[in-house]
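Visitor: Based on what follows, work out the 3D shape:
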Amino acid sequence: MKEKDLKQRVLGYVQEADEELLLLIEELAETYTQQTKEDWWDKLSAEEKASIQKGLEDADKNKVVPHNEVMRLFEKWH
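Guide: The predicted structure is shown next:
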């Protein structure tokens, strides 16, 4: 569906909407706008960011344990 057609359909819904639907649309738009402005990385603590960075460095150096080996090691807790 073309963006222009979609916009026309959505505008049609808005034109016909009752207050409840308008409030729902407003909440959806505000939530979407807020989520697109926020980057999940910015919400992480310094410790979390450091841990992720360390994991990426380890992976680059091939210092990893294969999934099947990890699963075998922790099998007794499954």
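Visitor: Which strands or helices does the helix or strand where residue 26 lies pack on?
Guide: Assigned by DSSP states H and E, residue 26 falls within helix 19-37. Under the contact definition 3 or more C-beta pairs under 8 Å, 6 or more residues apart in numbering; DSSP states H and E, helix 19-37 sits against helix 3-16. Every residue, glycine included, has its C-beta placed from N, CA and C.
Visitor: outside of the helix or strand of the chain with the lowest mean pLDDT, which residues touch it?
Guide: Sorting the helices and strands of the chain by mean pLDDT, DSSP states H and E puts helix 19-37 at the bottom, at a mean of 90. The contact list for helix 19-37 (C-beta atoms under 8 Å, 6 or more residues apart in numbering) reads 13-14, 17.
Visitor: Just the buried positions in that helix, please.
Guide: Within helix 19-37, no residue counts as buried by 16 or more other C-beta atoms under 10 Å.
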